[in-house]
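1. sequence first, predicted model second:
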Amino acid sequence: MEAARDAIILVSVGGYMLICVAVGVWALRRTRSTHDFFMAGRDLGVMLTAFAVFSSTMSGFGFVGGPGLVYRMGMSSVWMVVCSTVGYLISFSLLAKRIRLFAELRNCMSLPDVVAARYRSESVRAWVSVAILLGVMGYLATQMLAMAVVLQDILRESAALPAISLEMCVLVSCAVLVFYSVAGGIVASVYTDLIQGAVMVVAAVLVFLTVAFTFDGGITEMNQVILADDPEAISPWGTLGMIGCLSWFFVFGLGGAGQPHVITKMMMNKRIRDARHILPVAALGFLVAGLLWISIGLVMRALVVSGAHPVLATPDAAAPQFLQQYAHPLLAGVVFAGLFAAIMSTADGFLNIGTAAVVHDLPKALKGSALKHELLWARVTTVVIAVAAAMFALYTGDLVALLGAFGWGTFAAALVPVVAIGLNWKRATPLAANVAVITSLVINFGVKAAGMTMPFNIDVGAFSLAVSLTLFLGISSLSPPPRLDPDIEAVMDL
Amino acid sequence: MSDGPPTSGASAQAIPNGGIRVLLGLSAALVLVMWVSRWLPAAMQPTARLHPDAASVLQSTGGLADRPEALWLGYGMGLLILAVMATGVWIGLRKQDAGTPLSRLIMIGFVVYALVFTAMTVTYATYTKSPSEAAFFGGFPLPTAWMLYGMWHFPLLLVVLYMVRFDRWVLTGEDLERFRKLVEENRRQGGTT
């Protein structure tokens, strides 16, 4: 079977992509309106919504970048995973009920629709749309680039297409993503999310079991090897230090309530009461998937520092090297399919909310009405955004990395105050909401573009989240109380 | 692009903001801590270097044993972050600006969560002084075990509480009935965004 390793990986990834195409074809028949395209007809069950929530949160970063960070820095980046349980609790407490009520009350089709209804402000809708669009372009471009790089590696390793170019790999991988996203909109996206989430969970459990048996003394021996080399690496703070780790805990924990591709899914469940079951399923799904992030990174660090494995050229090689050298070929096939699943499940959500911002929200904010033939334009725009993101990924160099890194923290700082707090606090004003979004864009983009660093390795996203939250609460408290539409006020009382 | 004129809806003037004031104070304190840390002595900063035998691995050059001020700063910041998170949950679960039994129970849960964080910090302070004598639990050194089995998993209990008490305290049948009436009223008036 070892001889067929490359073929097994290729067949697994190819099979997974065919399933995605099949889901796209099936979802095409279920997508008859823009409401279906963006909101899945608000008809999703518990498992679909829960898996869509957790698989959208766990991007390809969790399968490649995450293990790479653990390999390089020890336990530091594990805080991005550790915060998930409390993060989901915060997101659901603040948003699951409220945003779903708003969505049904005003028939909202996007997050900017919700904020426009809440604040009675087209300027807030416009600023939120701009923030979403900027973040989407960066995130989408990095996901597409990651997908193409992995595909290129697989094809070169297998000797099937050793000379294939990166451009061709972008084309192939994006063609599948774009096909099902255009054909089936968010319906295809959430059904593929279900498959993608299941693949991720299975892959993570199998990888964890493999890691547990890599050292004779199991996980304890693996960690003793790391401790003997660098005690801090296996301490809770790794090499980043306590304060830097806590800033990640803050921005990834509280910031989850500001990720538009995740919280939009909370508007799509059929029954409002299903939120109580969606939360535990999503939290457990992410918890299991997170095992892959931690276990591969630790085992590769232990193997390298003990001299049992050659030093990796780059930290991101940790997961591919582990799968090539230590995992059963079938497991490698499942995990590579899981990697594509993780990337696509995040990318399709971004594609959908980016399309909504362009087709639905910006026209409403700028000219007061939606486009005619919105569904047709939604499909066209999905292709245009995907092509633009692909070009961006291939030809803008460092700018992609800059915008990719800018994603989570920007969304957190812009949308946690405006959406998560604003939907729960009647005194929040449109001015404060606009200031919070602009502050988030300025701090995140400005600090990164200027190459500035924060002391104690504090994440700039954490700083901008604290600043925008303070400004939002302070400005609203000092402003005259806004007047709300009676139905909005009534929903905020529930 | 314009903001709509005020409607005749009920004013938000009379709404108390207890939780919001607390959140404002906590987030401002967090900004202050992050900003002021810029001027703390460089010796307090964490340091790491490239591993001498593995260039793609970072190796720390010492824990917080010799920098107790940084440990206390981190502990304080951690408690602030937990307080921000707890207040966020309280704001989300309150009804008409009054706490519910669920929000109060979850607040107690966050106090326990802060104790877990304290246990992790205290065991880390001991660990970093003599790591070679570290006690292990569940495959990890004790402070890391607190992080993984406590900080990561403890909130699952609060998740279960949310799930079990949702119908009673988050969204009751009465709430849903009121909401249905609102939706019907809105549909009659053709209200959308």
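-> Perfect, thanks for sending it. Since the model is a prediction, treat every value here as computed from it, not as a measurement. Numbers count the residues shown, from 1 in each chain, chains lettered A, B, ... in the order given.
2. is stretch B:116-125 positioned near chain A?
-> Yes. Interface with chain A: stretch B:116-125 contributes B:120, B:124 (Cβ under 8 Å from any Cβ of the partner chain). Backbone N, C-alpha and C define where each C-beta goes, glycine included.
3. could you report the neighbour count for the spatially closest residue to residue A:121 that is not a sequence neighbour?
-> Spatial nearest neighbour of residue A:121, chain neighbours left out: residue A:430 (3.8 Å); criterion: Cβ to Cβ, 6 or more residues apart in numbering or on different chains. For residue A:430, the count of nearby residues is 25 (other Cβ atoms under 10 Å in any protein chain shown).
4. can you check residue B:49 too?
-> Neighbour count for residue B:49, taken as other Cβ under 10 Å: 10.
5. tell me the helices and strands packed up against the helix or strand containing it.
-> If you go by DSSP states H and E, residue B:49 is part of strand B:48-50. Applying 3 or more Cβ pairs under 8 Å, 6 or more residues apart in numbering or on different chains; DSSP states H and E, one finds that strand B:48-50 contacts strand B:58-60.
6. show me the contacts for the residue of chain A found nearest chain B.
-> Nearest residue of chain A to chain B, counting by Cβ to the nearest Cβ: residue A:241, 2.7 Å away. If you count contacts by Cβ atoms under 8 Å, 6 or more residues apart in numbering or on different chains, residue A:241 has them with A:76, A:456-457, B:45-46, B:70.
7. with residue A:186 instead?
-> Here residue A:186 is in contact with A:36-40, A:268, A:352 (Cβ under 8 Å, 6+ apart).
8. and which of these is nearest to residue A:413?
-> residue A:352 (22.4 Å; Cβ to Cβ).
9. so that closest one belongs to a helix, correct?
-> Yes. Counting by DSSP: H, G, I helix; E, B strand; the rest coil, residue A:352 falls inside a helix.
10. for residue A:345, see how far away residue A:355 is.
-> According to Cβ to Cβ, to the nearest Å, residue A:355 and residue A:345 sit 17 Å apart.
11. likewise for residue A:335?
-> In terms of Cβ to Cβ, residue A:335 sits 15 Å off from residue A:345.
12. one more: residue A:368?
-> Relative to residue A:345, residue A:368 is positioned 35 Å away (Cβ to Cβ).
13. when those two are compared, which one has more neighbours?
-> More crowded of residue A:368 and residue A:345, by other Cβ under 10 Å: residue A:345, with 31 against 10.
14. isn't the more buried one up against residue A:194?
-> No. Contact criterion Cβ atoms under 8 Å: residue A:345 and residue A:194 do not qualify, at 9.3 Å.
15. who touches both of the two?
-> Residues touching both residue A:345 and residue A:194 (Cβ under 8 Å, 6+ apart): A:52, A:55.
16. using CSV, list the CA coordinates for stretch A:365-377.
-> Extracted in CSV, the C-alpha atoms of stretch A:365-377 (Å, rounded to 0.1, in the frame of the first residue of the first chain):
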residue,chain,number,x,y,z
ALA,A,365,-26.5,51.8,0.7
LEU,A,366,-25.6,53.9,-2.3
LYS,A,367,-28.8,54.1,-4.4
GLY,A,368,-31.4,53.0,-1.9
SER,A,369,-32.5,49.8,-3.7
ALA,A,370,-31.3,46.4,-4.6
LEU,A,371,-30.3,45.5,-8.2
LYS,A,372,-32.8,44.0,-10.6
HIS,A,373,-32.2,40.4,-11.5
GLU,A,374,-30.3,40.0,-8.2
LEU,A,375,-29.9,36.3,-8.5
LEU,A,376,-28.3,36.5,-11.9
TRP,A,377,-26.0,39.3,-10.8
